[in-house]
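Q: coords below, sequence missing:
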């Protein structure tokens, strides 16, 4: 360790709680350009996928909609029948959930990216809140993605358990629904420290006090059974192209 198209309330399915971002041409109304497929993507990868989907549309003319949320929420949506064509999960556990439900096209599951955890503090508290403060529980509020469900929180809990400090830290934990919400809480100074991915810290108004790179953090992708499987395979191939890999690297991910 180193220290859209608009949906009405009467037609919106209950499972569609993360919202769909439609990437359309600047000169064309989004309503006239419905997405050819919807990709359910973990919040930690949203910015990278937004950029890559834009490049994909420029190269192919194909519009991609992004349904963004925590991986556990997205997995549940897909199992319940959400019309996602591709799933990008922040961990293998949630991908296992979808696969066990028979929703993954056989042979398409891919280890797409790897990542690391970062322990962060508000930028104006750099030097006053240290990793020793966090590990010893000498802070009041530690922001984490929900440690029993959301991948970033699960990884963070595993790290602190390995350090033998989880029981001490548990009373200080403030759970959030996504890792991006954790980042916002730290940036705004609403908590003393937080646990996010290394990639979340790029261009963020925070100070990193430790990076944990030995937790085998894998972000995986798989095509979902359905009418858009062919298009999803093409987009998955694009995600593994040199062009997409360059975007991932720029944003701190390690393409596999």
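A: Now that the structure is in, tell me what you want to look at. Predicted, not measured: the structure shown is a model, and the values here were computed from it.
Q: Counting residues, which strand of this protein comes out longest?
A: strand 206-223 (DSSP state E).
Q: buried sites along that one?
A: 206-207, 209-210, 212, 215, 217-223 (16 or more other C-beta atoms under 10 Å). For glycine as for every other residue, the C-beta is placed from the backbone atoms N, C-alpha and C.
Q: ok, now stretch 153-165?
A: 153-160.
Q: repeat for stretch 190-198
A: By 16+ other C-beta under 10 Å, the buried positions in stretch 190-198 come out as 191-198.
Q: Which residue ranges of the stretch 1-150 of the chain form strands?
A: When assigned using DSSP state E, counting those that start in this stretch, the strands of the stretch 1-150 of the chain occupy the ranges 20-22, 37-42, 64-69, 86-89, 110-122, 142-145.
Q: so who does the residue lying closest to residue 75 once chain neighbours are set aside touch?
A: The spatially closest residue to residue 75, leaving aside those adjacent along the chain, is residue 94, at 4.1 Å (C-beta to C-beta, 6 or more residues apart in numbering). Applying C-beta atoms under 8 Å, 6 or more residues apart in numbering to residue 94 gives the contacts 71-72, 74-75, 151.
Q: Which of these are buried? Put it as a PyMOL command.
A: Only the buried entries of the contacts of residue 94 go into this PyMOL selection, using 16+ other C-beta under 10 Å:
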select buried, resi 71+72+74+75+151
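Q: could you dump the contacts of residue 94 to JSON lines with distance to residue 132?
A: Shown next, in JSON lines, are these (distance: C-beta to C-beta, whole Å):
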{"residue": "71", "distance to residue 132": "31"}
{"residue": "72", "distance to residue 132": "32"}
{"residue": "74", "distance to residue 132": "36"}
{"residue": "75", "distance to residue 132": "36"}
{"residue": "151", "distance to residue 132": "26"}
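Q: got the contacts of residue 94 as CSV, with distance to residue 142 and pLDDT columns?
A: As requested, the contacts of residue 94 are exported to CSV (distance: C-beta to C-beta, whole Å; pLDDT from 0 to 100):
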residue, distance to residue 142, pLDDT
71, 21, 97
72, 20, 97
74, 25, 98
75, 26, 98
151, 17, 97
